[in-house]
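>>> Give me the fold of what follows.
(chains A, B, C and D)
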4 protein chains.
Amino acid sequence: MFILSDQPSIANQFLAELRDIHTQKDRMRFRKNLERLGELLAFEVSKTLSYQSKEVQTPLQSAQMKLPVDQVVLVAVLRAALPFYQGFLNSFDQAESGFIGAFRQEDGGEIGVNLGYHASPKLDNKVLILVDPMLATGTSCVTALQTLLQHGTPKAIHIAEHLPHPKAWSTYRAT
Amino acid sequence: MFILSDQPSIANQFLAELRDIHTQKDRMRFRKNLERLGELLAFEVSKTLSYQSKEVQTPLQSAQMKLPVDQVVLVAVLRAALPFYQGFLNSFDQAESGFIGAFRQEDGGEIGVNLGYHASPKLDNKVLILVDPMLATGTSCVTALQTLLQHGTPKAIHIAEHLPHPKAWSTYRAT
Amino acid sequence: MFILSDQPSIANQFLAELRDIHTQKDRMRFRKNLERLGELLAFEVSKTLSYQSKEVQTPLQSAQMKLPVDQVVLVAVLRAALPFYQGFLNSFDQAESGFIGAFRQEDGGEIGVNLGYHASPKLDNKVLILVDPMLATGTSCVTALQTLLQHGTPKAIHIAEHLPHPKAWSTYRAT
Amino acid sequence: MFILSDQPSIANQFLAELRDIHTQKDRMRFRKNLERLGELLAFEVSKTLSYQSKEVQTPLQSAQMKLPVDQVVLVAVLRAALPFYQGFLNSFDQAESGFIGAFRQEDGGEIGVNLGYHASPKLDNKVLILVDPMLATGTSCVTALQTLLQHGTPKAIHIAEHLPHPKAWSTYRAT
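Have a look, this model is predicted:
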């Protein structure tokens, strides 16, 4: 499990602005911070992809470069994940996209997954990144994943979250 | 010295597109790739900043977070550095900015530094990041730095480059 | 009805790149073009908002400026509308957002509206902009609007589309 | 002369935030507002370009579209013009770029043009857009133009400014 804020970096500033009651009122900055965190997490996730040496034709000569070969699918949990998803898309600009409709249910504060809407490309042998910044306890995320697997069996699954509640991790580990 | 392409990541894809004679004709993508590399290098540079624990007032409670305390100054070498500089600015959105005018001279392929234009805020005790993506042999970069130091003595200096020629590193080390 | 391409402008270039089979393969440019068209259409829609004179405190003096007073709600029809919606959001950065899940049904080529997912803030007395770039015949858009009106009665409704089929207009007019 | 704020639009909001002493402290929003104004002014300037009917090959058929044929050159007056220039570049993504070094001189508050740095592509028969958001009285802008004309004779010249002082217009008209 990679935790972006484990090592101090400018990402801490973005997180602090997301959490601060003064700056979080600025919707444009709030979205920009989620987007920047998405870009940085995409960079970290990208280090786990498969790479192959390919020939690149430069103006001077041809060069060998290690380039990623996996097809990435980004699935955003609506509505909150969109700016976070946008950040991943800024980095993985050739990724395919899917969406799951979710909304915060009245009782208990848990985010329930609305199974009425899930759209995704085929997932077989692709790298699935589930983008869900507002996870409460993990149950909804597990349900979302189970729903998504109807679209195929990914080669790898990454779950990108922001500020999860400690209870979420125990739910994951038990699944 | 941090070299972004040492560990395979999506940054390799950005670098490959910058170098490839087919994709580098698309000016918008070329600038976007320089910008994305600037954002990632800014993230890496940010790990070297000084951090202090500060109190952040969240909607639920107050939290202690380690936040950067250095004032960053970004100095771009014109004209080529602008999209690369833009990437650094996307990450360090409260940084101050300076510029140095430079142009590629006719004889020899070396980039000469035009000392007729250099604008910078005071640099004393700040972290200076010199953004220069088109370095040829390093001489121009050293001249640029010497010029900049007229504006004060930074606490730390970072030089952000893209695709330097091997000869550049020997020039640096000899300085 | 405002048609952006009626007067030649740089928007024609964006439209041409969206339609051209060569450039439309570049997903990043495709999204960027939808986003830029969204920004320009938002600018045009903004001219129809209500404005009030407000006092702005500048560094030198206070000034009277006519500023928009309407609360804008952007509702995007998924999945295709997201980059187009992003353009509207770039311009209306304080807007609220809603989403409708839709998918292209197998039979007949018409886009059916999946009523399983619609999320929206209250719409009463707000300006609703329905963002739907992939409209086929207009039926789905009318269904989407009828669904949305469960969330309240907007002060004004704008429908932002891209490249509608001629048949769509007759469906609208008959409704 | 086209004045963006003559007709109320969302651009008024951007202008108000640029002028307001509270919001102008947020450097990221300040730059974003200059960028958005640049995009909108580029859209307006684009209506004055020359257009030719060209064939666009779509997935279904080929279509005739009126597309701009002029080569645009954007010249930014440093340092203040960069975010404004970025907005123009977002719209004219295939434009060439030039820069003029300028700085606010100590005496009198006038922005003097530092002739030590001006870099530009050839201007002959191109459309030159001079981007200078911090014009004080117009003298510096006229000097900048005279300097630029060393690089060739443009087909058309546009000057894009933000918040000019009334005195500036009389300087222009007398030139």
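>>> Next, see if whichever strand or helix holds A:F14 gets close to chain D.
Here A:F14, judged by DSSP states H and E, is contained in helix A:10-19. No. Helix A:10-19 stays clear of chain D (C-beta under 8 Å from any C-beta of the partner chain), getting no nearer than 10.3 Å. All C-beta atoms are positioned from the backbone trio N, CA, C, and that covers glycine.
>>> And the very next helix or strand once past that helix, what does it pack against?
Once the chain leaves helix A:10-19, the next helix or strand it forms, by DSSP H and E, is helix A:27-46. Using 3 or more C-beta pairs under 8 Å, 6 or more residues apart in numbering or on different chains; DSSP states H and E, the elements in contact with helix A:27-46 are helix A:10-19, helix A:82-91, strand A:127-131, strand A:156-160, helix B:10-19, helix B:27-46, helix D:27-46.
>>> show me where pLDDT drops low in chain A?
For chain A, the stretches with pLDDT under 70 are A:1, A:102-116, A:133-138, A:163-175.
>>> what residues are up against the nearest residue to A:E35 once chain neighbours are set aside?
With C-beta to C-beta, 6 or more residues apart in numbering or on different chains as the criterion, A:E35 has its nearest non-adjacent residue at 4.0 Å, and that residue is A:G87. Contact partners of A:G87, counting by C-beta atoms under 8 Å, 6 or more residues apart in numbering or on different chains, are A:L34, A:E35, A:R36, A:L37, A:G38, A:E39, A:L40, A:L41, A:A42.
>>> Just give me the residue right at the centre of chain A.
A:V131 (3.0 Å; C-alpha atoms, centre = their mean).
>>> looking at the helices and strands packed on helix A:27-46, which is closest to B:A119?
Of all the helices and strands packed on helix A:27-46, it is helix D:27-46 that lies closest to B:A119, at 16.8 Å by C-beta to C-beta.
>>> Following element in sequence after the closest one, please.
strand D:51-57.
>>> Which helix or strand lies directly C-terminal to that next one?
strand D:62-68.
>>> How about that next one and chain C, any contact?
Yes. Strand D:62-68 reaches chain C (C-beta under 8 Å from any C-beta) through D:A63, D:M65, D:K66, D:L67, D:P68.
>>> most neighbours, which of those residues?
D:P68 (23 neighbours; other C-beta atoms under 10 Å in any protein chain shown).
>>> Up against chain C, what does chain A have?
A:27-28, A:31, A:78-79, A:82, A:86, A:89, A:93-94, A:97-99, A:101, A:103, A:114-117, A:119.
>>> In ChimeraX, how would I select just the buried ones from those residues?
Here is the ChimeraX selection string for the buried members of the residues of chain A next to chain C, based on 16 or more other C-beta atoms under 10 Å in any protein chain shown:
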select /A:28,31,78,79,82,86,89,93,97,98,99,101,114,117,119
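>>> Name the nearest residue to A:D20, sequence neighbours excluded.
B:V56 (5.1 Å).
>>> Count the residues that sit near that neighbour.
Neighbours of B:V56 (other C-beta under 10 Å): 20.
>>> partners of it in the sheet?
Note on B:V56: beta-bridge partners by DSSP bridges are B:A63.
>>> which residues does it contact?
Per C-beta under 8 Å, 6+ apart, neighbours of B:V56: A:A16, A:R19, A:D20, B:S62, B:A63, B:Q64, B:M65.
>>> Next: A:V45.
A:V45 neighbours (C-beta under 8 Å, 6+ apart): A:F2, A:I129, A:H158, A:A160.
>>> Quick check: nearest residue in space to the third one, chain neighbours excluded?
Beyond its immediate neighbours in the sequence, the residue positioned closest to A:H158 (C-beta to C-beta, 6+ apart) is A:I129, lying 4.6 Å away.
>>> Name all residues that make contact with the residue sitting furthest away from the middle of chain A.
Using C-alpha atoms, centre = their mean, the residue of chain A lying farthest from its centre is A:L60. It sits 37.8 Å away. Residues counted as contacts of A:L60 (C-beta under 8 Å, 6+ apart): none.
>>> how about 10 Å then?
B:R19, B:I21 (C-beta atoms under 10 Å, 6 or more residues apart in numbering or on different chains).
>>> TSV please, covering the helices and strands packed on helix A:27-46 and showing distance to C:V142.
Below are those laid out as TSV (distance: least, C-beta to C-beta, whole Å):
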stretch	distance to C:V142
helix A:10-19	38
helix A:82-91	25
strand A:127-131	32
strand A:156-160	37
helix B:10-19	42
helix B:27-46	37
helix D:27-46	31
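>>> Indicate which one of these is closest to C:N125.
Nearest to C:N125, of all those, is helix A:82-91, at 25.3 Å by C-beta to C-beta.
>>> Report the inter-axis angle for that closest one versus helix C:82-91.
Between the axes of helix A:82-91 and helix C:82-91, defined by axes from the mean of the first three to the mean of the last three C-alpha atoms, to 10 degrees, the angle is 110 degrees.
>>> Pull the distance from helix A:82-91 to the chain's centre.
8 Å (C-alpha atoms, centre = their mean, to the nearest Å).
>>> send the alpha carbons of that helix over as CSV?
Extracted C-alpha coordinates of helix A:82-91, given in CSV (Å, rounded to 0.1, in the frame of the first residue of the first chain):
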residue,chain,number,x,y,z
LEU,A,82,-14.4,13.5,-11.0
PRO,A,83,-11.6,16.0,-10.3
PHE,A,84,-9.5,13.1,-8.8
TYR,A,85,-10.2,11.0,-11.9
GLN,A,86,-9.3,14.0,-14.1
GLY,A,87,-5.8,14.0,-12.5
PHE,A,88,-5.3,10.4,-13.3
LEU,A,89,-6.5,11.1,-16.9
ASN,A,90,-4.0,14.0,-17.2
SER,A,91,-1.2,11.4,-16.6
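>>> quick one: that helix to strand A:156-160, angle?
Helix A:82-91 and strand A:156-160 are oriented at 130 degrees to each other (the same axes, to 10 degrees).
>>> quick one, what contacts the residue lying closest to A:D93 once chain neighbours are set aside?
Closest residue to A:D93 apart from its sequence neighbours, by C-beta to C-beta, 6+ apart: C:M28 at 4.2 Å. Residues near C:M28 by C-beta under 10 Å, 6+ apart: A:L89, A:N90, A:D93, A:Q94, B:D26, B:M28, B:R29, B:K32, C:P83.
>>> Let me know the closest of these to chain D.
B:M28 (4.2 Å; C-beta to the nearest C-beta).
>>> Quickly note the distance from that closest one to C:V127.
Between B:M28 and C:V127 the distance is 32 Å, computed by C-beta to C-beta, to the nearest Å.
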